[in-house]
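Undergrad: pasting a predicted model and its sequence here:
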Amino acid sequence: MAITARARELKSSGRDVIGFGAGEPDFDTPEHIRDAAVRAIAAGQTRYTNVGGTDLLKKTICEKFRRDNGIQYEQSEVTASNGGKQVRFNLFLATLNPGDEVLLPTPAWVSYTEMIRFAGGTPVPIYAGPDQGYLITPEQLRAAITPKTRMFILNSPCNPTGATFSKQELSAICDVLLEHPEVLIASDDISEHIIFDGLRFYNPVMLAPDLKDRCFLINGVSKAYSMTGWRIGIGAGPAEIVASMEKIQGQCSSNPSSVSQAAAVAALGEDQECVEQMRQAFQERRDLVYRMLQSFDGVQTVEPRGAFYIFPDVSAIYEWPRFQSLLKADLPRSNVFCAHLLDHYDVAAVPGAAFGDDRALRISYALDEASLRKGLERLGNMINDLR
Ligand code: PLP
């Protein structure tokens, strides 16, 4: 968000900045969803609702999990918050005690580490680099579990790498989790519908139903329905945890916007064609971005299987003398790389250090094709100039 703000600032000063920073789809929210919100306003749905969402929204959430994931939840086992972000926050506050270790496959979404710390937990990164497709192995997971491990976080498709577990790969991870009944699982499924090349989405409950009573599913409408500004996240898991989360939310923000809830009912409950259209557009963009990045010197790229991010490893370029002359003692190298890219080539990307991997940068390809080409050509120019 800081990078996007800086890019906006440069844009307003007249610079033609290409923004690869934003973690949000560039499409308008589909019309039938916007219409549902307008109808809700006209019908006077403008008051407080139950803290965790209206009965209708909860019913629709249960239906979503049944339809998309084949999992049966009661209304007491689902909840809605101000974005997936608040779902996670509530979850950590409700379940973590000081000293609890939380296993975090890394690179990981920026907010996880800070949220875990805020709740008193200790983030324990499990690093998976490009050589292993940015996916942790069952052996790495097994080795990281200690008597203090309270939770394991899964985010597939992953922000920032786009790495996505196949059914077989995730089954092997679930087998390790089944050996450790004391470990809770938080599965961040926010990008479940943005998945490529015919790969199917799975979360741990779908593959190992025995994990259901200690797995919490986090999801939302931000990414799949292009609704980042509406702030509706959803969660599903044990009723006891849901009740604690709603207690926290009740003292903090109460219900998410009643109007946004009505929009989320339309998004989750009505025609899903819009999701497929956006998915296809993302896949075409992924193809373009991956192809262009592969042609650059010094860049190692793993082809993303989902989400709308790509995480090229540029660490070979860090060794080039012209890049070394840019280094500043107190700044991670990916920050130097991205600052140079923004200040001299008008392209905003996010330093990998923010996600726990200084060797890379994150490019969000939620942009039209012409802008993607232009931005990547500029990145290519920077690399050539540094050569
Ligand atoms: N989780 C992950 C992995 C994300 O990438 C994002 C958005 O960037 C979020 C959560 C936040 O989603 P929301 O807009 O629903 O709060």
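TA: Yep, it's here.
Undergrad: dump the residue contacts of residue 265.
TA: Contact analysis of residue 265 by CB atoms under 8 Å, 6 or more residues apart in numbering lists 36, 54, 56, 57, 60. In short, each C-beta sits where N, CA and C put it, glycine included.
Undergrad: what is the burial count for residue 158?
TA: Residue 158 has 28 neighbours, counted by other CB atoms under 10 Å.
Undergrad: how far away is it from residue 222?
TA: 16 Å (CB to CB, to the nearest Å).
Undergrad: before we move on, what's the pLDDT of the residue sitting nearest the centre point of the chain?
TA: Geometric centre of the chain, nearest residue: residue 159, 4.2 Å, by CA atoms, centre = their mean. Predicted confidence (pLDDT) for residue 159: 97.
Undergrad: equivalent analysis for residue 21, please.
TA: 88.
Undergrad: would you list every one of the helices in this protein?
TA: Under the criterion DSSP state H, the chain contains helices at 2-12, 31-42, 55-69, 83-95, 110-118, 138-144, 167-178, 204-207, 239-252, 258-269, 273-294, 321-324, 333-345, 369-386.
Undergrad: and the ligand, which of those helices is closest to it?
TA: Of all the helices of the chain, helix 83-95 sits nearest to the ligand, with 2.8 Å by CB to the nearest ligand atom.
Undergrad: show me what that closest one is packed up against.
TA: Counting contacts by 3 or more CB pairs under 8 Å, 6 or more residues apart in numbering; DSSP states H and E, helix 83-95 is packed against strand 78-81, helix 110-118, strand 184-188, strand 215-220, strand 233-236, helix 239-252.
Undergrad: ranking the helices of the chain by mean pLDDT, which is last?
TA: Among the helices of the chain, helix 2-12 scores lowest, at a mean of 84.
Undergrad: domain assignment for this protein?
TA: For the chain, the structural domains run 2-20+274-386, 31-269, going by automatic domain parsing.
Undergrad: does the first one reach the ligand?
TA: Same thing as domain 2-20+274-386. No: using CB under 6 Å from any ligand atom, domain 2-20+274-386 never reaches the ligand; the gap is at least 7.3 Å.
Undergrad: can you get me the start-to-end distance on that domain?
TA: Using CA to CA, to the nearest Å, the end-to-end distance of domain 2-20+274-386 comes out at 26 Å.
Undergrad: now list the buried members of the contacts of residue 265.
TA: Listed as buried from these are 36, 54, 57, 60; burial here means 16 or more other CB atoms under 10 Å.
Undergrad: the ligand contacts on the stretch 1-150 of the chain?
TA: So far as CB under 6 Å from any ligand atom goes, the stretch 1-150 of the chain lies against the ligand at 23, 83, 84, 85, 109.
Undergrad: turn those into TSV, columns for neighbour count.
TA: Listed next are those as TSV, based on neighbours: other CB atoms under 10 Å:
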residue	neighbour count
23	20
83	23
84	24
85	18
109	24
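Undergrad: farthest pair within the residues you listed?
TA: With distance counted by CB to CB, no two of those lie farther apart than 83 and 109, which are 12.8 Å apart.
Undergrad: give the intersection of the neighbour lists for those two.
TA: Common neighbours of residue 83 and residue 109 (CB under 8 Å, 6+ apart) do not exist.
Undergrad: in stretch 36-54, what counts as buried?
TA: 36, 37, 40, 45, 49, 50, 51, 52, 53, 54.
Undergrad: now do the same end-to-end measure for it.
TA: 15 Å.
Undergrad: give me the contact list for it.
TA: 58, 61, 78-81, 230, 242, 245-246, 249-250, 254-256, 258-263, 265-266, 270.
Undergrad: 6 Å instead?
TA: 79-80, 246, 249-250, 254-255, 258-259, 261-263, 266 (CB atoms under 6 Å, 6 or more residues apart in numbering).
Undergrad: and the furthest pair within the residues you listed?
TA: Maximum pairwise distance in the contacts of stretch 36-54, criterion CB to CB, is 25.6 Å, between 250 and 266.
Undergrad: give me the more crowded residue out of these two.
TA: Just comparing residue 250 and residue 266: by other CB under 10 Å the higher neighbour count belongs to residue 266, 22 against 13.
Undergrad: so that one touches residue 33, yeah?
TA: Yes: with contact defined as CB atoms under 6 Å, residue 266 counts as touching residue 33 (4.8 Å).
Undergrad: can you check the pLDDT for residue 313?
TA: The model reports residue 313 with a pLDDT of 98.
Undergrad: and residue 200, how many residues sit next to it?
TA: Using other CB under 10 Å, residue 200 is surrounded by 9 other residues.
Undergrad: and the gap between residue 249 and residue 255?
TA: Applying CB to CB, the value for residue 249 to residue 255 is 8 Å.
Undergrad: over to residue 185?
TA: Distance from residue 185 to residue 255, by CB to CB: 27 Å.
Undergrad: closest to residue 218 out of the residues of the stretch 1-150 of the chain next to the ligand?
TA: Closest approach to residue 218 among those (CB to CB): residue 84, at 5.5 Å.
Undergrad: that's all I had, so thanks and see you.
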